[in-house]
Every structure is written in C-alpha cells, then in structure tokens.
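K.L.:
Below are the sequence and a predicted model; questions follow.
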Amino acid sequence: QVQLVQSGSELKRPGASVKVSCKPSPYSFTAFAVSWVRQAPGEGLEWMGWINTKSGDPTYAQGFSGRVVFSLDTPASTAYLQIDHLRPEDTGTYYCTRGRDCGHFSCHSDYWGQGTLVTVSS
Amino acid sequence: QSVLTQPPSVSGAPGQRVTISCTGGSSNVGANYHVHWYQQLPGTAPKLLIFRDNNRPSGVPDRFSASKSGTSASLAITGLQAEDEADYYCQTYDNNLSGFVFGPGTKVTVL
C-alpha cells in the first residue's frame, strides 16, 4: 500500500525556519513527483508547488516563492519542504502528496501524507 | 481568494442526489485544463475522488461522478450516505497563475 510518511508537528518562533520531511514507499522514489499543499486552520487547501524527483527541479506557486524551498535526498528517498523566516500566518498543516501528470498541466495528487502541523507563535 | 468558485455548502437527505459546482473562467476550466476532485473527511488528509475530469481511482464508489462543460465542472453524489459528509475541493491549472489551484471547498451535510 502506497504511503507517504511525514515528520511530526513543529512549534516555531516567528523568524525561525522549519524543515518537513516526506518519505514515500514502497514505489520507486523517482517515478512520481512530490507536490506540497498547505491548509491553514479551518481553511481550504492551497497548492504550494511540486518537485520533479528525477531532475530535482522545483516549481513554486505564486505566493510561495522566496521563503519556501523544496528539496530531495534521493538516496534516502525523502523529500523536504523548508520554510524560512516563519510568520504566524504560516501556521497550518502541510501535506506532501504523490503527484501525477505534474509536468503536463494536469497535476493531481493520488496519495497524501498524514500532514505535518506547523505552528508559528511567540 | 480562489479563481475557482464553489458553493460553501450543500446538503441532502440520505439516498438523495447532490451536486457541487466548480466555476472558473477562460484561464482555467474554460481553457480545457483537467479538473480533479478531492474529498476531505473531518480530521483526515484529503483523498483523490475524481481525476482528469471524470475518472474514478480504484476503490471510489460509482456513486461519485463528475463532468465538465465550458467554464464549469461539477461533482455529483448519488445515493447520498452519512459517510459522504465531508469537504469537497476541485483543482485545476490556471494560465494566469501559471500553476495549479484549488477551489475554496464545499461542505456536504447529510441531513
């Protein structure tokens, strides 16, 4: 059964950084893209972007470029989301997903991680 | 503020049919980009319900169906069941944003 296992909840101060990990199994890591989705408390889903796991090329949604970085550790079959200079409005649950057709204007997420709650508060 | 519009809520009695609209414009749904639909049960991660306009992943009951026409797409749930009470989101690509976008979501309540 396909699973994407994410790292645990984080509590961070404003201005700090956070790095969320996502480890898919049991398929070949480079066979599918990884996309990231944010959900603020009580709000809807926001598409953050995706990373090509073959080339490592990231694509960021408008509004998420600048402080957000997608990266890979391919030997470890793990994807990462890093957010720098955290603000209280970054508080939310961050999901990694297995992306299908992301390079063909039809990106959709057929499997989702369990979500990682990031809380930014002083 | 999403470029896609969904009704905030719809409701129906068990066994009834409900539909959820997802209205966009010429830069997204109207440009014939595929629309996908997700179901998010309370307290859980979203789940893919429909991909590429009208395709159901394995395991999704055929009570769920979707269609698209012009600048709108819709998801239909027939034979509504209590377990269908959830939030539903549409997703597509938008030329102006040069990226993918979710609708604001629709809460389905089973009366």
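P.N.:
Perfect, thanks for sending it.

K.L.:
In contact with the closest residue to B:Cys22 other than its chain neighbours, which residues?
P.N.:
With CB to CB, 6 or more residues apart in numbering or on different chains as the criterion, B:Cys22 has its nearest non-adjacent residue at 3.5 Å, and that residue is B:Cys90. All C-beta atoms are positioned from the backbone trio N, CA, C, and that covers glycine. Residues near B:Cys90 by CB atoms under 8 Å, 6 or more residues apart in numbering or on different chains: B:4, B:6, B:20, B:22, B:35-37, B:73, B:75, B:102-103.

K.L.:
Pull the number of nearby residues for B:Val10.
P.N.:
Other residues near B:Val10 number 18, with proximity taken as other CB atoms under 10 Å in any protein chain shown.

K.L.:
Revised request: answer the last question for A:Thr93.
P.N.:
Residue neighbour count, defined by other CB under 10 Å, stands at 20 for A:Thr93.

K.L.:
that older thread, so what's the predicted local confidence for the residue nearest to B:Cys22?
P.N.:
At B:Cys90, the pLDDT value in this model is 98.

K.L.:
that older thread, so which of the contacts of B:Cys90 are in strands?
P.N.:
If you go by DSSP state E, the contacts of B:Cys90 have B:20, B:22, B:36-37, B:73, B:75, B:102 in strands.

K.L.:
Do you know the pLDDT at the residue most central in space within chain A?
P.N.:
The centre of chain A sits closest to A:Trp36, judged by CA atoms, centre = their mean, with a distance of 3.4 Å. You'll see A:Trp36 listed with a pLDDT of 98.

K.L.:
just A:Ser71 next, same as before
P.N.:
The model reports A:Ser71 with a pLDDT of 97.

K.L.:
Let me see the backbone angles for it.
P.N.:
Per-residue torsions, A:Ser71: phi -150, psi 170 (degrees, to the nearest 10).

K.L.:
and it, what are its bridge partners?
P.N.:
A:Tyr80 (DSSP bridges).

K.L.:
was I right about it contacting A:Thr53?
P.N.:
No - contact criterion CB atoms under 8 Å: A:Ser71 and A:Thr53 do not qualify, at 10.9 Å.

K.L.:
any shared contact partners between these two?
P.N.:
By CB under 8 Å, 6+ apart, A:Ser71 and A:Thr53 have these common neighbours: A:Ala79.

K.L.:
Point out the residues in chain A that sit beside chain B.
P.N.:
Taking CB under 8 Å from any CB of the partner chain as the measure of proximity, chain A contacts chain B at A:37, A:44-47, A:49, A:59, A:61-62, A:95, A:100-101, A:105-115.

K.L.:
Now, these that are in strands?
P.N.:
Of the residues of chain A next to chain B, the ones assigned to strands by DSSP E are A:37, A:45-47, A:49, A:59, A:95, A:100, A:108-112.

K.L.:
is it true that B:Gly103 touches B:Asp94?
P.N.:
No - using CB under 8 Å, B:Gly103 makes no contact with B:Asp94, being 11.3 Å away.

K.L.:
of those two, who's got more company?
P.N.:
Using other CB under 10 Å as the criterion, B:Gly103 and B:Asp94 rank with B:Gly103 on top: 28 against 22.
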